[in-house]
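> only geometry, no sequence info:
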DNA sequence: AAGTTTACGTTTTACGTATAACTACCTCCG
DNA sequence: CGGAGGTAGTTATACGTAAAACGTAAACTT
């Protein structure tokens, strides 16, 4: 049902109410105290309602030069993690009269032509995950205020950053496994170039190096259950003594590792302890439940939005990483 | 770093290139064949690049009355299902010069004030999942062209619909379980008012009624692993003979049912066969792997976008439901 | 009574773009 | 030589809104 007869404009409302367009704008914009009489305002509101008037936001945006809408750029949405980030960001945004729109860096669509060229129509700013790497260059092209999530505070070219304290999470994981007595480690690392994964590798290596007699190997996999399955199977089949602890970059990789362990006839945690990172629903759906690092995704989103609001208002954004918690469950135990 | 000096406009580019604003618009809009000479066009392009000119899309939208952007309204993004729907929709959209923006009906944010009022600035149309119920009333308020996903073809007030053939999927599940010899069924139904779930209940009941001696009970749960766990535990503890087959409205519910079965000391599939619906990554991450109905989420999104394009161009949208496939795995077996 | 404030509006303008309508020049053809 | 047609632009306008600038009459102040 194409647009049919065009939508009513503020001018139509004005005519119906017998006032000028400006009066309509004042009344509907709630700026009429002492400028328009109550009866007139009432007439305008009634006419607007009668005609089903809705302001043309393209016009409003053009006029005001701002939109109260921000874009959240995330990597492919294959877990609930970024859904929760969105929820947090959207809540804070709503409290300040802002809207949030999602731009998932689409696989297969290609970052070819300035991906979000269209959406950018109505944007005051951008919150971007460092994992959505391909979209970043396009973002820098526009001069929009930007907040980066989980990005190198040094290398972000002055953009504000909001980070989870991943380093601390990995430290806790290492501590936990070391105290259980593990010495031979395998790191199942995400095959994605992003600061947040570099931190995991660096911190794990740093912590283990400090303990004499430990061994750390690393294997890389794309972030998917099947990718993790393949990589883990290969790594477990490698020569030399088998690792007793498998540290995964996130829960999804851990789920793939579970399958690999099952196929190799290894029992979890008796033959192999496994840890994840994220604490998705998946973590407690698998058996045994996964020892993992809980990330507060909603708070992450809230802080991201707050930081962007700060940037927009020329205030300094809040400092400090977001704390994380080690969730000890059934997938870790002393080595046999 | 607030906006600082305002962005360059097409007029600035015109001045820099020594031409009129109209010429800039012609050149950059690729409408200059035979209207502007090649050298001049080149000068304009260079000036635009020099100044880092990017068109103000609010102005363009206002001028053109359309935006080549559509909104995809989905329920909370807690599985990869709608992420794949998005991918499919975005690909088709890109082929036609459209962009897609996501609006996840946010939990806790509340549908209070016309949720996507802001985004609507730049929308030509909307694709909405019937599961995002709370956002729907707001959508009908705007007079945007609308395509509904998984919605009652009769009750959609003339909006185009694109549906998965869920009824066929449920029929296949029922057939599979019946042929294995099951007669006592439990239906773990999603506690969400949506046509797509009504279909599941109706079709399962219809198919089982046709077979004498079958028993079908139903229990409802919110779509979450924990919700399903609680509901299933209660249902399994109910008096009377235990069901031997558990039909879940989706994979997430099935994952919760797995936990409930484990807690009740029931082995899958020997003591209890379980089926899901969606075929998420989760389905093969759990042990045993889940017998479920595979939905082609990407195709779903493609078809949704194609239907919306049809509506926008006043063509009749493609007809016919999207076929689904039963994936038989380790969670179903004959009852003992 | 003269000046000032208040109440209630209206007129006008600008935001930046796309495009229809117009102009001016040159070439070519009969 | 005159006009038809092509080339290479320019000028002018509209999209719908917000708000600054401007009136105008009545009420109030001194």
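Arrived safely, thanks for sending. Small disclaimer: the values here were computed from a predicted structure and weren't measured. Residues are numbered from 1 along each chain as shown, chains lettered A, B, ... in the order given.
> residue boundaries of the strands in the stretch 201-336 of chain A?
A:215-221, A:245-248, A:273-275, A:292-294, A:325-327 (DSSP state E, counting those that start in this stretch).
> by contact count, what packs against the last one?
The contact analysis (3 or more CB pairs under 8 Å, 6 or more residues apart in numbering or on different chains; DSSP states H and E) places strand A:325-327 against helix A:166-180, strand A:292-294. Any C-beta I mention is one placed from the backbone N, CA and C, and that applies to glycine too.
> just the angle between the first one and strand A:215-221, please?
If I follow you right, that is helix A:166-180. 130 degrees (axes from the mean of the first three to the mean of the last three CA atoms, to 10 degrees).
> Out of the helices and strands packed on strand A:325-327, which gets nearest to DNA strand D?
Nearest to DNA strand D, of all those, is helix A:166-180, at 42.6 Å by CB to the nearest atom of the strand.
> what lines up beside the next helix or strand after the closest one in the sheet?
Using DSSP states H and E, the helix or strand that follows helix A:166-180 in sequence is strand A:184-190. Neighbouring strands of strand A:184-190 in its sheet, by DSSP bridges, are strand A:215-221 (parallel), strand A:245-248 (parallel).
> any idea how far the last one is from the chain center?
What it means is strand A:245-248. 24 Å (CA atoms, centre = their mean, to the nearest Å).
> Quick one: mean pLDDT for that strand?
What strand A:245-248 shows for mean pLDDT is 98.
> quick one: contacts of it?
With contact meaning CB atoms under 8 Å, 6 or more residues apart in numbering or on different chains, strand A:245-248 is reached by A:170, A:173-174, A:177, A:180, A:182, A:184-188, A:204, A:228, A:232, A:254, A:257, A:261, A:272-277, A:332, A:335.
> Out of the helices and strands packed on strand A:325-327, which one sits most buried?
Of all the helices and strands packed on strand A:325-327, strand A:292-294 carries the top mean neighbour count, a mean of 24, counting by mean count of other CB atoms under 10 Å in any protein chain shown.
> low pLDDT regions in chain A?
Low-confidence segments of chain A, defined by pLDDT under 70: A:1-5, A:106-122, A:133-142.
> Could you pick out the residues of it near DNA strand D for me?
A:6-7, A:9-11, A:21-22, A:25-26, A:28-29, A:31, A:53, A:55-56, A:59-60, A:62-64 (CB under 7 Å from any atom of the strand).
> Take these and keep only those in helices.
A:10, A:11, A:21, A:22, A:25, A:26, A:28, A:59, A:60, A:62, A:63, A:64 (DSSP state H).
> What are the buried residues along stretch A:15-29?
For stretch A:15-29, a neighbour-count test (16 or more other CB atoms under 10 Å in any protein chain shown) marks A:15, A:16, A:17, A:19, A:23, A:24, A:25, A:26, A:27, A:28 as buried.
> any chance of these in JSON lines, plus distance to chain B?
Shown next, in JSON lines, are these (distance: CB to the nearest CB, whole Å):
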{"residue": "A:15", "distance to chain B": "20"}
{"residue": "A:16", "distance to chain B": "18"}
{"residue": "A:17", "distance to chain B": "21"}
{"residue": "A:19", "distance to chain B": "23"}
{"residue": "A:23", "distance to chain B": "22"}
{"residue": "A:24", "distance to chain B": "18"}
{"residue": "A:25", "distance to chain B": "16"}
{"residue": "A:26", "distance to chain B": "20"}
{"residue": "A:27", "distance to chain B": "18"}
{"residue": "A:28", "distance to chain B": "13"}
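> Could you list which of those residues also contact DNA strand C?
Among these, the residues within reach of DNA strand C (CB under 7 Å from any atom of the strand) are A:19, A:23, A:26.
> Save the residues you listed as CSV, and put in distance to residue B:194 too.
Shown next, in CSV, are those (distance: CB to CB, whole Å):
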residue, distance to residue B:194
A:19, 44
A:23, 44
A:26, 42
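> Please identify the most buried of the strands paired with strand A:184-190.
strand A:245-248 (a mean of 28).
> Enumerate the residues of the stretch 201-336 of chain A near chain B.
For the stretch 201-336 of chain A, the residues in contact with chain B (CB under 8 Å from any CB of the partner chain) are A:224-225, A:252, A:255-256, A:258-259, A:262, A:281-282, A:284-287, A:311-312, A:314.
> Make a ChimeraX selection of whichever of these turn out to be buried.
With 16+ other CB under 10 Å as the criterion, this ChimeraX line picks the buried residues out of those:
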select /A:224,225,252,255,256,258,259,281,282,284,285,286,311,312
